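> sharing a model that was predicted from the sequence below.
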Amino acid sequence: MKPAAFAYHAPRSLDEALALLAEHADEGRLLAGGQSLVPAMNFRLARPAVLIDINRIAALDFLGEADGWLRIGALTRHLAFERPVAAGPLATLLPQVAWHVAHLPIRVRGTFAGSLAHADPAAEWSLVAATLAAEIVALSRAGERTLPADGFFRTAFTTALRPDELIAEVRLPLLGEDWRCGFAEFSRRKGDFALAMALAAVRLEDERIAAARLGVGGVEHRPRRIEAAEALLLGESARPEVLAAAADAVAAALEPVEDIHASAEYRRDLARVMARRALEGALA
Amino acid sequence: MSWIGRPIPRLEDPALLTGQGRFVADTAQGAAAVRFVRSPVARGRILGIDVPNDLPAGVRVITAADLADVRPIRPLLHRPDYVAIGQPALAATCVRHVGEPVAAVVAPGAAQAEDVAELVFVEIEPEEAVADLDLALAAGAPQVHAEAPGNLLIDGRLATEGFDAAVAAAAHLVEIEVCSRRQSAMPLEARAAHASFERATGRVTLTCSVQMPHMLRTAIADHLGMRESDLRVVAPDVGGAFGQKMSLFPEYLVLVWLARRLRGAVAWIEDRRENLTASAHGRDQRHRVRGAFAADGRLLALEGDLRCNVGAYSSYPVTCGVEPLMALAELPGPYDVRHYRARARGVATNTCMMAPYRGVSRPVITLAMERLMDCAADRLGLDPVELRRRNLVRAFPYRSATGLLFDEGSYLDCLERAAATVDLPAFRARQAAARAAGRFLGVGFCVFSERTGYGTPAFAARGMEIAPGYERVEIAMDPSGNLEARIGASPHGQGLATTLAQLIADELGVEPAQIRIAHGDTDRTPYGWGTFASRSLVIAGGACKLAAAALRDRLARLAGHLLEADPGDVEFADGRARVRGTDLSIELATLARQAYHQSHRFGDAHDPYLAAHATYDPAGTFSNATHAAIVEVDPETGHVAIERFLVVEDAGVLINPMIADGQVHGGVAQGIAHALFEEIVYDDEGNILTASLADYLPPTCAEIPPIEVQHLVTESDATLTRAKGLGEGGAIGAPAAVLNAIADALKPFGVGVFEMPATPQRLRALIRTAQAGEVP
């Protein structure tokens, strides 16, 4: 339970960090909260030769609304989301989701952006980013790229980030007051990674669903929206049979992974139930 | 005023709660670090061990070839149905489970030891392994030990006369099979040891996270061929044990061997992966039980086929017989059944060895009996409480079909109290209303007896080569009038330093804070058996009472001499010796000072050393309890929420009710873990799939409901203090209560719940299958 030897850098500026990252792109890893990386290093499942600790870079520590986005700096901890940080539906959604993210000591240290970069298929913030069409601002010495969440998560623990890039910021679109959100998760214990979870965001016009986003995480190798289910909702009222049909469409669209805690069949069951409950939560 | 019965705060807690506790890792600073190289395969032949030949300075690698003079661990039972098997300190020719130690690396630091351990290449030719209990019993299964054909390490049988006739006379036969998946005791502190060689004397001090320090000293001396007086074993603060720390482990032999060979200090602080993989497991059992019931519900005969997966080796000193033989002797539990036939097998597999874990077999045999009772109640159309009422032991002393003697208890009273407290009729109404609304509530009861505080005869009856049981206590008063009691028991979280002080305080009329309990150091304490099997308060407590009374008699004679009174008239209270009916008294501090420093005043027969000792070795006592759980099951996810958990228990006189409640709470939490969460999983090749806390899931405080505890007090004369043990009961009763409640909740689906942990995945699978047939 002791990590293999590594070199440690603690740059104080973004330029310095990007230079180190460029230099050690292949064998270096960024350290923000370290809540996934450090245990993996102690198990020697991860053996970075170089750690670049970005915690001292003040420019990465911000959180606030601007231009229709919630802008989340790379050093924003999970804990920050336990209280409302944005207007509109996100004000209630983000605290609800944050409550499911691990345990308090982990929420104190772990970061939102680090969770996306780590890309655990069952991480709550990845599902939020994928479902709500977040933008990920990636920085390297070569410049800045803005990556849509759609396509960012390639597969488990793999993203569209290049080895010399860091996530400087994640932007969540602020939803209008006419949007309503629901989130449901099933895990073995409070704070565990999800065996299945779903996030629903819908916009109602005249009692009918005018726009719908329905994402599922913890079931496949990456979180994603299920467009086939979203399509079934459009133009419908929030009748139980409509929600059930959408949930069935979710279950049918998934190719669940298996592990000792959940067979594919069980994960599919859970995804169906979580999707329906997320929709019920949004439309209640 | 008596200290017995008062919930005083634990004397141990200020140090523990302010970070002043001292655990093995705190003592190990400066010692060389030891890292074990462990087998990555479940079964195979060792072809070679390749050690890098350019090891850094201060680094050594030890293999079995270095340990030729170390005896294999080979515990014995004197029974014809037991097969003794040996466990090497380091595997030499073959490996038998994943995690078995093969080599030891010694390095100046822990990280470096891990670096080197990765470079030690053990070439193993893998062979077909067997991890599953029933697969190991099947014809043609791989043989874990050549000397144990059919992988049978123990095969115990019992049958009462007239069994077949009793079954033939029965109106109903009810048969079930229950399955308990494997568990780890999961102490917060894993195993740890620090062995330090003293050059001046040639002695080794082993500071070790252990429950039975004296036993460990004997065992290590025996296996290394050293004089026992050359070894001191110290158990400092121990961060939980639950049975996992009462066996001789190969790692400890290697540590002491290394300290002597290197003439220095070495330490091994086990990590969680090692602990989950290679320390000890328990509860991997399957039991088929059949009850023969009369038309009125009386249990006429009970039959059991009890199978325990005991892993690759036999734990020393209790042996691999501890689970199967306990199951064999105690299956009937608190029920008055006169005809009994059972077979109990301990089965070797290529998995980590079994060792005792809080309750040992009783959580699983209790599950078997209590599920049987509920299933029988269903069959007979009786309320489950009523069926139990008709079968519980009522007259004491009661001699069971397996020969156990039950002292007075309150089996029926606990059940009635529990049923009344949950208000069964009101619950049934609420349950019906909830079902109509698509919600599934259930109630489950579990009645059990807990055999505690048993001494030497009980262990000897198992045929143990090493038969534990008695405890000795030595009490001394120093010249300041304060006391020290040195005990052979070895508490590690039970609060025994507080409860024993309460007992002694009452005998001598002093305050508990004046009494220091010395334990966990073989140089300081009399030979004893340590703390396990819900024994220490009963046995060490009884010895404390005897020793304190003997010291009181001596003090009475001295006080009588100084106060010119009959010693029989001297009584002790508030730190003074008083002559009854007079205003004559003397402070104990003054008396002690006189005894030591003015010894010439007491005549030639006076021994200035104010000390007394006593040994206590009782036959044992049964405490009893009823647990009741109310749960809600979400049929869509299989999730179980425990809405209410009630314990009504009787452990006789409670010395410290707060500590008693704490024991119940902790045990129930582990029982709920067993029922719903924790499971060690092996694949078919014997690879362990739950080697970290990402996959092995102890519940957190979020999963454990408030636990209500009610105490009844039966004053049995089976123990000197009239206290009974209660350390294991929480873990014994909770699983069956929870599973019975789940089964009750899921009755509309027509599914049987017989496996634990009853994970959401398993429950959902049962429900899914049932729903595929018909919608409830």
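Structure's in. What do you need?
> from B:T582, how far off is the residue lying farthest from the centre of chain B?
Distance from the centre of chain B peaks at B:E564, with 51.1 Å (Cα atoms, centre = their mean). Distance, B:E564 to B:T582, by Cβ to Cβ, to the nearest Å: 11 Å. Using the backbone N, CA and C atoms, a C-beta is placed for each residue, glycine as well.
> go on, B:G403?
Here B:G403 is placed at a distance of 54 Å from B:T582 (Cβ to Cβ).
> what's the answer for B:D271, then?
As judged by Cβ to Cβ, B:D271 and B:T582 stand 65 Å apart.
> settle it for me: which of the two has more neighbours?
A count of neighbours by other Cβ atoms under 10 Å in any protein chain shown puts B:D271 above the other of B:D271 and B:T582, at 19 against 10.
> which regions of the stretch 151-284 of chain A sit below the pLDDT cut-off?
Low-confidence segments of the stretch 151-284 of chain A (pLDDT under 70): none present.
> number of nearby residues for the residue in it that chain B sits nearest to?
Nearest to chain B in the stretch 151-284 of chain A, going by Cβ to the nearest Cβ, is A:K190, at a distance of 3.6 Å. Close neighbours of A:K190, defined as other Cβ under 10 Å, add up to 14.
> would it count as being in a strand?
No. Under DSSP: H, G, I helix; E, B strand; the rest coil, A:K190 sits outside any strand and is assigned coil.
> which non-adjacent residue is nearest it?
B:A702 (3.6 Å; Cβ to Cβ, 6 or more residues apart in numbering or on different chains).
> tell me which residues touch that neighbour, please.
Shown in contact with B:A702 (Cβ atoms under 8 Å, 6 or more residues apart in numbering or on different chains): A:189-191.
> secondary structure class for B:A113?
Reducing the assignment at B:A113 to three states with three-state DSSP gives helix.
> for stretch B:448-458, buried residues please.
B:448-456, B:458 (16 or more other Cβ atoms under 10 Å in any protein chain shown).
> for stretch A:105-115, that is, sorry about that
Buried residues in stretch A:105-115, counted by 16+ other Cβ under 10 Å: A:106-107, A:109-115.
> is it true that A:A284 touches A:G182?
Yes. Under the criterion of Cβ atoms under 8 Å, A:A284 is in contact with A:G182, at a separation of 7.5 Å.
> the two: which has the busier surroundings?
Neighbours were tallied for A:A284 and for A:G182 using other Cβ under 10 Å; the higher tally belongs to A:G182 (24 against 9).
> confirm the more buried one sits in a helix?
No. Counting by three-state DSSP, A:G182 is located in no helix; its state is strand.
> for it, give me its contacts.
For A:G182, counting by Cβ under 8 Å, 6+ apart, the contacting residues are A:199-200, A:277-284.
> excluding sequence neighbours, find me the nearest residue to it.
A:G281 (2.7 Å).
> chain neighbours aside, what residue packs nearest to the residue of the stretch 551-700 of chain B found nearest chain A?
Nearest residue of the stretch 551-700 of chain B to chain A: B:E636, at 4.5 Å (Cβ to the nearest Cβ). Leaving aside its sequence neighbours, B:E636 sits nearest to A:V273 (Cβ to Cβ, 6+ apart; 4.5 Å).
> OK, contacts around the one you found?
A:184, A:186, A:196, A:247, B:636-637.
> neighbour-wise, which one of those residues leads?
A:A196 (28 neighbours).
> test my guess that that residue contacts A:S263.
No. Judged on Cβ under 8 Å, A:A196 makes no contact with A:S263 at a distance of 12.0 Å.
> on the three-state scheme, the closest residue to B:V51 other than its chain neighbours is what?
Of all residues not flanking B:V51 in the chain, B:V61 sits nearest, at 4.6 Å (Cβ to Cβ, 6+ apart). With three-state DSSP as the basis, B:V61 sits in strand.
> OK, contacts around B:V61?
Contact analysis of B:V61 by Cβ under 8 Å, 6+ apart lists B:37, B:51, B:55, B:103-106, B:116, B:120.
> residues from the stretch 201-350 of chain B in reach of chain A?
Selection of the stretch 201-350 of chain B residues close to chain A by Cβ under 8 Å from any Cβ of the partner chain yields B:271-273.
> the same query, at a cut-off of 10 Å, please.
Within the stretch 201-350 of chain B, the positions adjacent to chain A are B:269-274 by Cβ under 10 Å from any Cβ of the partner chain.
> give the bridge partners for residue 182, please.
I went with chain A, as the question did not name one. A:A200 (DSSP bridges).
> please go with chain B instead
Assessed by DSSP bridges, B:R182 has beta-bridge partners B:I680.
> correct me, but it touches B:Y682?
Yes. Counting by Cβ atoms under 10 Å, B:Y682 is a contact partner of B:R182 at 7.7 Å.
> find the residues that touch each one of those two.
B:131, B:281, B:284, B:309, B:351-352, B:688, B:690 (Cβ atoms under 10 Å, 6 or more residues apart in numbering or on different chains).
> now, of those, which are buried?
Buried residues within the shared contacts of B:R182 and B:Y682, counting neighbours by 16+ other Cβ under 10 Å: B:131, B:281, B:284, B:309, B:351-352, B:688, B:690.
> much appreciated, bye for now.
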